[in-house]
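Colleague: would you be able to build a 3D model of this:
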Amino acid sequence: MRVEVVWSPAAGDVRQAWLDVAEGCTVEQALRAWPEFTEALHQLDALKIGVWGRLRPLDTPLRERDRIEVYRPLTVDPKEARRLRYQARGERIVSRHRPLAGGSGKTGGN
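Modeller: Numbering: from 1, shown residues only. Reported below is the predicted structural model:
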């Protein structure tokens, strides 16, 4: 069975690999089988692990073509990072998905 493992040990450094593992393999067994991950095995309990973007425990059984994601801890609070970006730009940050004021923006009639 094949599974994908993705890990970013540092900003800008993304490591990805496809592993061939035994049927019924768990997340922990797959990570231990990946040679590039051996440097992080000592901190395995401290890292957050997900399968397809959802946090999962290490004893989660895997299925064919699952994507294991290893998340590193945040270095800065996301709200604080946004506030700092706002200060640096000196202008209001506006979401591109916010609707325009005054209605839906559709014109009526034929």
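Colleague: which helix of the chain spans the most residues?
Modeller: The residue-count maximum for a helix in the chain (DSSP state H) belongs to helix 78-89.
Colleague: for this protein, give me the ranges with low pLDDT.
Modeller: Where the chain drops to pLDDT under 70, the residues are 39, 42, 91-110.
Colleague: just the helices in it please.
Modeller: Taking DSSP H as the criterion, the chain carries its helices at 27-33, 78-89.
Colleague: need those helices in JSON lines (columns: mean neighbour count).
Modeller: From N, CA and C alone the C-beta is placed, and that goes for glycine too. What follows is the helices of the chain, written out as JSON lines (neighbours: other C-beta atoms under 10 Å):
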{"stretch": "helix 27-33", "mean neighbour count": "18"}
{"stretch": "helix 78-89", "mean neighbour count": "10"}
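Colleague: need these in CSV with distance to residue 71, can you?
Modeller: Supplementary listing: the helices of the chain in CSV, determined by distance: least, C-beta to C-beta, whole Å:
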stretch, distance to residue 71
helix 27-33, 13
helix 78-89, 14
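Colleague: quick one: closest of those helices to residue 12.
Modeller: Taking C-beta to C-beta as the criterion, residue 12 comes closest to helix 78-89 out of the helices of the chain, the separation being 16.2 Å.
Colleague: and residue 10, how many neighbours?
Modeller: 8 (other C-beta atoms under 10 Å).
Colleague: could you find the closest non-adjacent residue to it?
Modeller: Of all residues not flanking residue 10 in the chain, residue 72 sits nearest, at 7.8 Å (C-beta to C-beta, 6 or more residues apart in numbering).
Colleague: got it, and residue 32?
Modeller: Take residue 32 and drop its neighbours on the chain: the residue closest to it by C-beta to C-beta, 6+ apart is residue 41, 6.7 Å away.
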